[in-house]
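> please find the sequence and the predicted model below.
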Amino acid sequence: MIVMKFGGTSNKDAAAISNVIRIVTAHLPLCPVVVISAIAKATNELEQAARTAAAGDAEGAVQLLGTLFARHDGILEDLLRDRNRIATLREPFAAWFGELRQLVQGVAILRELTPRTMDAFCSYGERLSSRIVAAGLEESGVKSAWIDAREFMITDDNFGLARPLMEEVTERLERVARPLIDRGQVPVTQGFIGVTRTGVYTTMGRESSDYSASIIGAAMNAERVQIWTDVDGILTADPRMVNDVRKVKRMSFEEAFELSYFGAKVLHPSTMLPLLEKNIPVEIRNSRTREGTGTLVDLPSADGAALVKSIAFKPAVTVVSVSPRKRLGQYLFWEGVFSVLQRWEINAGNVSTSEYTIAFTYDGSGDIDALARQLEEHGNVTVMGGKGSVCIVGSSLRGCTGLLNRVFNALAGVSISMVAYGASGLNVTVVMDGAQVPDALARLHKEFFGAEERSDVFGVPFN
């Protein structure tokens, strides 16, 4: 049994969904469970409608929703030929549009948009797209069954960033999905969304359908999880920023996690976590080229050789530095700083320490000035905005002879604000002025991949 996740660009219209159906059909011998994202831009449009309602413009919000539902109806007409099947699907679609109209009215009256309500708005994107894919599979002759994520994806109530309750997810999947697979059916469900124990829809963070797929894969002990997207696997850098990128054929779980955490968009950062414990491999595949091999993410290579595999970046980060006014105790100072970060639920990207100073990077949208005022209770605070980070990721980088020389030589003349190296042994992160990130990225890529001939590790990506 495998899990196959398809992103928004892979199911953006009828032609793309037809391609998804062909891919799934080719994998029927492997007993797939299919996880579907909302069609391209649908989540953004649902969020826009919610915010329009919160501004008091109920009519404008309904118009936005009407346009979105019309786009889905157009896909139905282009994809399906069975008029009865189309009519059957239009019934739940009409009901969901009615539910959203009610949500709009309530938000517009209160002029208040809570995280719980935003999750309710956003949940409709994946429900719409997955119903269409399930119907398309049925019409093509594939026995499929649509499953609402609320039947199994039980999460906590941290709306906007919910986390699965794995024991309950596992038990429910065995009860809901396993019998379908045993009968030769293809379960089709949604990424990104879940429900609390009381049945209230949640979301697990933007772009988290990959995470949903890995949760399902881990819960059902899948043979592998496939992430079908619009790029040819993990690349040595973002092709929008760097020319002559290479495809990484294989990468470890830990390397993939580091890469996604430090800015690469090909995978959601949490995707690796459920699969690590069970060593379930992940394949990142390009839905535009079904024969492509993509990237395999699994256990580390046995040879242990030091090798840079990819470079990630974040264009906008803030560096916050805190040093005590009085040196009363290193651990007391650290405890005070980290207690503030815990209260504010700050995920520090990088942390660097000296004897009595802590510096960390932050790329969230919170009130950085208010955070700084809280930290000033524990010491002198310096906030450096307008920064960016570039992160080199690879295997066995800690202690790699000459690595830092190559990095700093490539970055000669770049204004460096912070360096983090050695904690995991898998990355070197350099923080600099944000305007210098594109040039730094190009320089480092040329340094580490300009003459790379490791055909066992790197390949030419599909264009």
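It's in. Numbering: from 1, shown residues only.
> which parts of this protein are helices?
Remark: helices assigned in the chain by DSSP state H are 14-26, 42-54, 58-79, 83-110, 115-139, 166-176, 178-182, 209-219, 253-261, 272-276, 330-343, 368-375, 403-410, 437-449.
> got the contact list for the residue nearest the centre of the chain?
Centroid-nearest residue in the chain: residue 268, 2.4 Å away (criterion: C-alpha atoms, centre = their mean). Shown in contact with residue 268 (C-beta atoms under 8 Å, 6 or more residues apart in numbering): 205, 207, 208, 209, 210, 211, 260. Just so you know, the C-beta spots here come from the backbone N, C-alpha and C atoms, and that holds for glycine as well.
> for residue 327, see how far away it is.
Separation of residue 268 from residue 327 (C-beta to C-beta, to the nearest Å): 41 Å.
> do the same with residue 59
61 Å.
> do a quick rundown of the strands in the stretch 251-400 of the chain.
Counting by DSSP state E, counting those that start in this stretch, the stretch 251-400 of the chain has strands at residues 282-286, 295-298, 307-323, 351-353, 358-362, 380-395.
> quick one on the thing from earlier: looking at the helices of the chain, which is nearest to residue 230?
Nearest to residue 230, of all the helices of the chain, is helix 14-26, at 9.4 Å by C-beta to C-beta.
> quick one: the closest one to chain centroid distance?
22 Å (C-alpha atoms, centre = their mean, to the nearest Å).
> so what touches that helix?
Contacts for helix 14-26 (C-beta under 8 Å, 6+ apart): 4, 6, 9-11, 32, 34, 74-75, 78-79, 132-133, 136-137, 140, 142, 186, 228, 287-288, 290.
> okay, the strands of the stretch 251-400 of the chain in JSON lines with distance to residue 457 next?
Below are the strands of the stretch 251-400 of the chain laid out as JSON lines (distance: least, C-beta to C-beta, whole Å):
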{"stretch": "strand 282-286", "distance to residue 457": "15"}
{"stretch": "strand 295-298", "distance to residue 457": "11"}
{"stretch": "strand 307-323", "distance to residue 457": "7"}
{"stretch": "strand 351-353", "distance to residue 457": "30"}
{"stretch": "strand 358-362", "distance to residue 457": "29"}
{"stretch": "strand 380-395", "distance to residue 457": "10"}
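> which stretch in those is the model least sure about?
In terms of mean pLDDT, the lowest-scoring of these is strand 351-353 (a mean of 86).
> packing partners for that one?
strand 358-362, strand 416-421 (3 or more C-beta pairs under 8 Å, 6 or more residues apart in numbering; DSSP states H and E).
> mind giving me the packing neighbours of the longest one?
The one in question is strand 416-421. strand 351-353, strand 427-433.
> and those strands: which comes nearest residue 238?
Residue 238 sits nearest to strand 427-433 of all those, at 16.0 Å, using C-beta to C-beta.
> give me the buried positions along stretch 36-49.
For stretch 36-49, a neighbour-count test (16 or more other C-beta atoms under 10 Å) marks 36, 37, 38, 39, 40, 42, 43, 45, 46, 47, 48, 49 as buried.
> oops, could you answer that again for stretch 181-200 instead?
In stretch 181-200, counting by 16+ other C-beta under 10 Å, buried: 181, 185-196, 200.
> what sits closest to residue 34 if chain neighbours are left out?
Closest residue to residue 34 apart from its sequence neighbours, by C-beta to C-beta, 6 or more residues apart in numbering: residue 188 at 4.6 Å.
> give me the number of residues near the closest residue to residue 172 other than its chain neighbours?
Spatial nearest neighbour of residue 172, chain neighbours left out: residue 152 (3.8 Å); criterion: C-beta to C-beta, 6+ apart. By the criterion of other C-beta atoms under 10 Å, residue 152 has 25 neighbours.
> and the one 5 residues further on, by the same measure?
Residues near residue 157, counting by other C-beta under 10 Å, number 14.
> residue 352 and residue 420, how far apart?
6 Å.
> ok, now residue 438?
Taken as C-beta to C-beta, the span from residue 438 to residue 420 is 21 Å.
> show me which of the two is the more surrounded one.
residue 420 (21 against 16).
> isn't that one right up against residue 426?
No. Under the criterion of C-beta atoms under 8 Å, residue 420 is not in contact with residue 426, lying 11.6 Å apart.
> okay, the residue nearest to residue 172: pLDDT?
97.
> do residue 339 as well
Reported pLDDT for residue 339: 92.
> ditto for residue 292
62.
> equivalent analysis for residue 456, please.
According to the predicted model, the pLDDT of residue 456 comes to 73.
> look up how far residue 301 lies from it.
Counting by C-beta to C-beta, the gap from residue 456 to residue 301 is 10 Å.
> what's the local residue count around the closest residue in space to residue 107 that isn't next to it in sequence?
Using C-beta to C-beta, 6+ apart and skipping the chain neighbours, the partner closest in space to residue 107 is residue 53 (4.1 Å). Neighbourhood size, residue 53 [other C-beta under 10 Å]: 31.
> over to residue 316?
Other residues near residue 316 number 12, with proximity taken as other C-beta under 10 Å.
> could we number from 500 for the rest of this?
Taking 500 as the first residue, the last one we looked at is residue 815.
> roughly how far does it sit from residue 861?
Per C-beta to C-beta, residue 815 is found 10 Å from residue 861.
> go on, residue 922?
To residue 861, residue 922 is 17 Å away according to C-beta to C-beta.
> who's more crowded, those two?
Just comparing residue 922 and residue 861: by other C-beta under 10 Å the higher neighbour count belongs to residue 861, 22 against 12.
> thought that one was touching residue 845?
Yes. Using C-beta under 8 Å, residue 861 is in contact with residue 845, at 6.1 Å.
> any residues in contact with both of these two?
The contact sets of residue 861 and residue 845 overlap at residue 870 (C-beta under 8 Å, 6+ apart).
> which ones are touching residue 502?
531-534, 712-713, 715-716, 719, 721, 723-725.
> would you turn the residues you listed into JSON lines with pLDDT?
As requested, the contacts of residue 502 are exported to JSON lines (pLDDT from 0 to 100):
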{"residue": "531", "pLDDT": "97"}
{"residue": "532", "pLDDT": "98"}
{"residue": "533", "pLDDT": "98"}
{"residue": "534", "pLDDT": "98"}
{"residue": "712", "pLDDT": "96"}
{"residue": "713", "pLDDT": "96"}
{"residue": "715", "pLDDT": "97"}
{"residue": "716", "pLDDT": "97"}
{"residue": "719", "pLDDT": "96"}
{"residue": "721", "pLDDT": "97"}
{"residue": "723", "pLDDT": "95"}
{"residue": "724", "pLDDT": "96"}
{"residue": "725", "pLDDT": "95"}
